[in-house]
Structure formats: structure tokens, C-alpha cells
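Undergrad: I would like the atomic coordinates for the input below:
(one chain, ligands or ions: 1)
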Amino acid sequence: MSEVYDVCVIGSGPGGYVAAIRSAQLGMKTAIIEREWLGGVCLNVGCIPSKAMITAGHFLHKMQHDGKSMGFTVGKIDFDMKQLKTWKQSVCDKMSGGVSQLLKGNKVDIIMGVADFKNSGEITVQTKEGPKAVKAKNFIVATGSRPIDIPGFQADETDVLSSTGALDLEEVPKNLVVIGGGYIGLEISSYMKNLGAEVVVLEASDALLKGMADPECVQVVARKLKKNGVTVHLNAFAKSWKKSGKSLEVTAEVKGKMETFKADKVLLTVGRKPNSDEMNFKAAGVKVDSKGFIEVNPQRKTSAPGIYAIGDIAGQPMLAHKASHEGVMVAEVIACQNRVYDAKTVPAVIFVDPEIASAGMTEEECKAAGYTDLKVGKFPFGANGRAVSMMHTDGFVKMIADANNNVLLGVHIVGPEASNLISEAALAIEMGATLEDLALTIHPHPTLGETMMEAAEATLGHAIHIIQKPLAKGGKSGASARA
Ligand code: NAI
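TA: Modelled structure (predicted):
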């Protein structure tokens, strides 16, 4: 008779592999099933390779633009996209290899193959050697999401690319048309422009990153995209494409008028959908909601006893770190450690230029949640010594607090290292910190981190390195950067 695992995790992305390691740490006999690559989309064709490409794009941009004022003379820079691809792949391989070592080191059985539920206690895995039955007392489904298409556009990874195809190009396209000005579209647009492509973004709504970030933060990025030569069309609905000689032609309805755009490649980044139409969930009694997410409770239990779901397939936000958090939690729930998902905030980062990062609520969300009396303050990176010495002065840190008790409700950063700075905000919000907690914490000088302290001071009305008007009633501070 085949062995019955305590825990079988399906999918080895940042949700699945973390869940498997934590399960094994807790003494449970654990297996993980993966159909394609250890580390999932994140490590192989998502977060990690895109950040490698973004790093390369920044590096080239810096050499070309920033060196001169520091006294560097930079000659013609030769750049080999094939070599960049090889380096990017080495980064992914290192990370994926690390996951393999961690799983093996924790004695997790790795089974490569495609899983389908037979019933709530058993899956069949199609492996290279043939079908294999795997039984477990608990299953954790962490099978993620995939890009969606729109009418007229289907990613073929030759002419019309998904993010996966874009990350695998061996040549920088001369003209790139990006459909969708969301997370992925703008991250890829930023680095492609830095690497030399002419980029046009077609975004259906009336703003970039609509509903995904603080609108004031988005304005800073929109200005920088324009300055760097990326063309953005809002209210632009991509309709169709065709081959035109050696290149492509994209037709879109822009503000009600039909327009055509020349392209060598088209990038389709209009969202992702959960992979819940696979794996025969019905046979296991796992319910899926109208948006395609598996229905889960706060312990990430599904409608089928003993089956849990985490990550992109279990609901928004579709972010790797939320999946990992859920992975640890579910392993601890199974091990009877009485855990529940009670995070106050899932910080989010958009790796555009400059980076946008947020934790907690926007002003709009605070109002919708019933906070009528808010204090809002901002501190600009232009008034921070480290930012000036790094030549990265675009952007600000914005804080929102409840004016009745100064409890921090939201932090929105646009600027250098926003991705790293936001962790302090996430901790502060989790701890229920007040503006005073942040303002009275000594932050080392000279660091970008001082902007967090000074933004808290600005929200209280007394930042040192900007001239502030007295706080208006209702709390809005009238901060202006020191000359
Ligand atoms: P998205 O939901 O971020 O953006 C899609 C955009 O496409 C929207 O702005 C939408 O208005 C637009 N759109 C839809 N149909 C269109 C049409 N016909 N013509 C023009 N525009 C159209 O989706 P995206 O960028 O594909 O990212 C998917 C998810 O992946 C994100 O929601 C995020 O959760 C995750 N992600 C996270 C990253 C991070 O944490 N840094 C990086 C990349 C992705």
C-alpha cells in the first residue's frame, strides 16, 4: 500500500514551497508536487527574472545618464541581450536550485508531474514514468495563476508576448507596444525603455495603475515615464493586430478614435486569472467562486475537509509574499497551532521608476472604512541627504493617520528604495503604531530611512527639513521642500 503523507502541497511557488518547508519543520511527512519548475512563476518567469532585468536596465541608464555630472566619461556602451538573458537565467537557476536544496534538506519528497484530484484524500500525478497515486491527510493547493488574453490578442510568444515571452527575448525590440498599464506592463516598459526600446503603453482606463496605488504616487511615475520617452495613451482599448511587412500593426480605440501603432513585438499584460479550471476540484468537493478563486475561510480551509488553498488561487492580492505568509500559517494550522490569517496589511511594491510601495489604506480607503478625521503628511526625497547623494530625489513618503489618536493607517512611498523602506511601515501598521512612535524612533543618518521619521513628523506638523505651514484643522499639513 502506498504511503499516506501528513501534508501534500501542490505547486512549488512562494506559497507552496514555503508551506512544504514549514510543514516538514513541524515534523509532518510532506510531499510537494510540481509540474514545471521549482519556485513557480515567481522564481522562474516572474518576480525574480523581472527584477534582474530591471537591475540591468537601471545599470545601463545610470552609465548613460548619471555618470557625466560625477565626472565620468562613458564611451559607447556595447550591450549583448543574449548575455543579459544568460545572466538573468543564472539568477533564476540559483534561486530555483536553492529551493530544491531547502526542500531536500528538510526531507520533503519532491514529485515532478501534473496533479489531478481523484477524491478529497488522493491525487493522481502524471509523472515522466507514468501515473502515480499520492494519498495525504491534508492537501495544500498552491497552483497559482496565469496571464489572461483579450479578444483580438492571444499570446503566441513570437509576435504577441506575455510577461514570460518578454523576459526571454534575445533582442531588444525596436518598437514595443504594451497593452495594459498595470503592474507587469509598467515594470517591463520601464526596463525595456532603459535597454533601448521605443515603448508605447495602451491603457484602457483613465489612469495608469488605477486602483492599484496612491494616485499621487502614480503621478510621479507617469511624469518620469514621459521624461524617459515612454508614450502612454489612456482610455486606449487595444482591438486587433496584424503583420505589416516585417513588423506588426496594432489597432486601438483611443479616446473614441481608431489609431494604429507600429510594433516589432506586442506585450499583453491585462491581468492574471487563477488556475482553478484545472485539477478536477469538483471531484474533491472544492468550491470555486464566480471570479475563479477557490473559496477559503480565514484559516485557508476550502469547502472540502483536509484541503487548503493559498496564494493567487485563493484570492487577491495576487502577491508572492501574501502566498508565503499563508503557506506558513496553513502548515501551522494543520499542526494544530491555532493560527488564523489576521494580517492588517499586505504591503505592495511596483518596481517602476521610481518604485512605488504601500502598506495600509489610501485616503479613499480610509474614508470608505469610516475614518472621517484624517491627518495626511508628506516628506519629499529631495530634502533627504542620502537621496540627494544618490541622485534619486524624485518622490516622497506620504503618511495617513487617524486624527483622533494619530494611529498610522497608511503609508505610500514613491521614490528610491521604496521597496525596502515599506517594511518599516508594514511593521508599524501591524503593531498599531502611532505617528509619534515613528517620529520618536532614532533613524540613522544619512539614510533614506530618515524619510520615514520625517514623514511622521511632517504629518504631526513639525518636520525639520521642510518648511511647514501650521497644521490646518482636519490635519492636512502644508509641507514644502526646503530649497
Ligand atoms: P494588472 O491587473 O496589474 O493590470 C492590467 C491593466 O490592463 C489594467 O490597468 C487594465 O485597465 C488594463 N487593460 C485591461 N484590458 C485592456 C485592453 N483591452 N486594452 C488596454 N488595457 C487594458 O495586471 P498585470 O500587469 O498583468 O499583473 C497581474 C498581477 O500580477 C498583478 O495584479 C499583481 O498582483 C501581480 N504582479 C505583482 C508584481 C509585484 O508585486 N511587483 C509584479 C507583477 C505582477
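
Undergrad: can you list the buried residues in the strand ranked longest in the chain?
TA: Criterion DSSP state E: the longest strand present in the chain is strand 130-141. For strand 130-141, a neighbour-count test (16 or more other CB atoms under 10 Å) marks Val134, Lys135, Ala136, Asn138, Phe139, Ile140, Val141 as buried. (Each C-beta comes from the backbone N, C-alpha and C, glycine too.)

Undergrad: and for stretch 334-342?
TA: For stretch 334-342, by 16+ other CB under 10 Å, it's Ile334, Ala335, Arg339, Tyr341.

Undergrad: out of those, which touch the ligand?
TA: Among the buried residues of stretch 334-342, none lies close to the ligand by the criterion of CB under 6 Å from any ligand atom.

Undergrad: ok, the closest residue to Glu259 other than its chain neighbours - contacts?
TA: Nearest residue to Glu259 in three dimensions, chain neighbours excluded: Ala252, at 5.8 Å (CB to CB, 6 or more residues apart in numbering). For Ala252, the contact set (CB atoms under 8 Å, 6 or more residues apart in numbering) comprises Leu202, His233, Ala236, Phe237, Ala238, Lys239, Met258, Glu259, Thr260, Phe261.

Undergrad: ok, the residue of the stretch 101-250 of the chain at minimum distance from the ligand - how many residues close by?
TA: At 1.8 Å from the ligand, Gly182 is the closest residue in the stretch 101-250 of the chain, using CB to the nearest ligand atom. By the criterion of other CB atoms under 10 Å, Gly182 has 20 neighbours.

Undergrad: can you confirm Thr124 is in a helix?
TA: No. Looking at Thr124 with DSSP: H, G, I helix; E, B strand; the rest coil, it is strand, so not inside a helix.

Undergrad: does it really touch Ile111, like I thought?
TA: No. Counting by CB atoms under 8 Å, Thr124 does not reach Ile111; the two are 11.3 Å apart.

Undergrad: find residues that contact each of those two.
TA: Going by CB under 8 Å, 6+ apart, residues that sit against Thr124 and also against Ile111 are Lys132, Val134.

Undergrad: in three-state terms, label Ile32 for me.
TA: strand.

Undergrad: if we can go back for a sec, measure the residue of the stretch 101-250 of the chain closest to the ligand to Ser189 for me?
TA: 11 Å (CB to CB, to the nearest Å).

Undergrad: okay, now the sheet partners of the host helix or strand of Lys243, with direction.
TA: If you go by DSSP states H and E, Lys243 is part of strand 236-244. The pairing partners recorded for strand 236-244 under DSSP bridges are strand 247-254 (antiparallel).

Undergrad: and after the partner strand, which helix or strand comes next?
TA: Counting by DSSP H and E, what follows strand 247-254 is strand 257-263.

Undergrad: which helices and strands does that following strand pack with?
TA: With contacts taken as 3 or more CB pairs under 8 Å, 6 or more residues apart in numbering; DSSP states H and E, strand 257-263 sits against strand 175-179, strand 198-202, strand 236-244, strand 247-254.

Undergrad: tell me the mean pLDDT for the second one?
TA: It stands for strand 198-202. For strand 198-202, mean pLDDT is 98.

Undergrad: ok, the longest one next?
TA: For strand 236-244, the mean per-residue pLDDT is 97.

Undergrad: now do that strand: everything it contacts.
TA: With CB under 8 Å, 6+ apart, strand 236-244 has contacts from 150, 152-153, 159-160, 177, 179, 202-204, 248-255, 258-259, 262-263, 266.
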